[in-house]
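Asker: Sharing a model prediction with you, sequence too.
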Amino acid sequence: MSILSFIGQIFEPAAKVIDDLHTSEEEKLEIRRQMQKIENEFMSKVLDYETKLMDNQASIIKSEAQGQSWLQRSWRPITMLTFLVLVVLDSFGVLAFRLNEEAWMLLQIGLGGYVAGRSAEKITTQMMAARNKGGGEAKG
């Protein structure tokens, strides 16, 4: 479940209560409008937070990729390749043991973090290029 759908579920019961109020339609519409405004502001803050989080993850990956040491630059790709080999071997039943749920969860987190970090890095680069090209304003 994504954080945005979770937020929507938080506000859903309040919207149902508004529908059950014994008041005029104008008052119900005004209350719904206020609730929608609060929900939108909350989602905006969450999206700002997630954007900053992805920017920080991307900067970490970028710093590691530009590091002085071979190991510093290569440990994430080596780890992901190791997980890939384990998954392939597990899928074909070659391993003497089966990967348990924690291993699969770790793989999902690792791949998700790596892919999201690389995507954020590329998006940030494109946005900065558009901002510099457009005279200081980001183009959408």
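Answerer: Sure, I can see it.
Asker: how's the protein carved up into domains?
Answerer: Taking automatic domain parsing as the domain assignment, the ranges for the chain are 1-66, 70-140.
Asker: Reformat those as a markdown table; add mean neighbour count and mean pLDDT.
Answerer: Glycine gets a C-beta too; all of them are placed from N, C-alpha and C. A markdown table is the format used below for the domains of the chain (neighbours: other CB atoms under 10 Å; pLDDT from 0 to 100):
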| stretch | mean neighbour count | mean pLDDT |
| --- | --- | --- |
| domain 1-66 | 12 | 78 |
| domain 70-140 | 12 | 72 |
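Asker: which residue ranges form the helices in the chain?
Answerer: Secondary structure of the chain, counting by DSSP state H: helices at 3-20, 25-65, 70-91, 101-133.
Asker: Tell me which other helices or strands the third one touches.
Answerer: Packed against helix 70-91, as judged by 3 or more CB pairs under 8 Å, 6 or more residues apart in numbering; DSSP states H and E, are the following elements: helix 25-65, helix 101-133.
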